[in-house]
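Asks: sequence-free structure coming up:
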């Protein structure tokens, strides 16, 4: 119950002002997409799976040269007693930055108003992913856990209009988590996860 309250409190503090009402959420889903990514090599087959859901406002059409900025750090919600190293979260954030720049987005300079603010949330554990995540988002990525020994983990990213505080674009990638990967495998997998997450975001380079 406490985890449910924590996720909802986070969502309402950082995102509720940005999330559309239920009717608008349905409209967003109509313009969204769901993809199941192809597996990556050299990792346990179960850990190669991922599911991605993305939605966007009908008017969302980023242009070349538009800027982004983080609104705080990526927030982590995990089962009680499960620690997530700050360095791991920082690494994920840095990889998101790198891939956004590769897609043509520019990060703001100090004092510059961004075109989009970014919110990031990590949700770990089957219970949080299957119940609270669905309750908060109104949908779930749908990664199938039947017969799996691994727990689900999700990474959410939202682009928000800094003036209206409406959510222009959001995506979530869901995978199975594991502590058995080597540092090299984990790094490779992070690249793959973030590439999957950002693939639906329009590319500003062309």
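Replies: Perfect, I can see it now. Since this is a predicted model, take the numbers as computed values, not measurements.
Asks: show me what contacts the residue nearest the centre of the chain?
Replies: For the chain, residue 156 is the residue whose C-alpha lies nearest the centre (C-alpha atoms, centre = their mean; 1.9 Å). Residues in contact with residue 156 (C-beta atoms under 8 Å, 6 or more residues apart in numbering) are 119, 120, 121, 122, 123, 137, 170, 171, 172. Bear in mind the C-beta positions are built from the backbone N, C-alpha and C, glycine included.
Asks: filter these to the buried ones?
Replies: Using 16 or more other C-beta atoms under 10 Å as the burial test, the contacts of residue 156 include 119, 120, 121, 122, 123, 137, 170, 171, 172 as buried.
Asks: which of those scores worst on pLDDT?
Replies: The member of the buried ones among the contacts of residue 156 with the lowest pLDDT is residue 137, at 69.
Asks: dump the contacts of residue 156 to CSV, plus distance to residue 88 and secondary structure.
Replies: Output for the contacts of residue 156, formatted as CSV (distance: C-beta to C-beta, whole Å; DSSP: H, G, I helix; E, B strand; the rest coil):
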residue, distance to residue 88, secondary structure
119, 19, strand
120, 13, strand
121, 15, strand
122, 9, strand
123, 15, strand
137, 23, helix
170, 22, strand
171, 20, strand
172, 18, strand
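Asks: average pLDDT for stretch 85-103?
Replies: Mean predicted lDDT for stretch 85-103 stands at 95.
Asks: in it, what's buried?
Replies: Residues of stretch 85-103 classed as buried: 89, 92, 93, 95, 96, 97, 99, 100 (neighbour count, 16+ other C-beta under 10 Å).
Asks: and residue 91, that's in a strand?
Replies: No - per DSSP: H, G, I helix; E, B strand; the rest coil, residue 91 lies outside any strand segment and is helix.
Asks: just the element for the residue nearest to it when sequence neighbours are not counted, please.
Replies: With sequence-adjacent residues excluded and distances taken as C-beta to C-beta, 6 or more residues apart in numbering, residue 91 is closest to residue 190, at 6.6 Å. According to DSSP states H and E, residue 190 maps onto helix 183-198.
Asks: that helix packs against which elements?
Replies: Secondary-structure packing of helix 183-198 (3 or more C-beta pairs under 8 Å, 6 or more residues apart in numbering; DSSP states H and E): strand 50-56, helix 86-102, strand 151-160, strand 167-177.
Asks: for the residue lying farthest from the centre of the chain, helix, strand, or coil?
Replies: The C-alpha centroid of the chain is most remote from residue 111, which lies 26.1 Å away (C-alpha atoms, centre = their mean). What three-state DSSP gives for residue 111 is coil.
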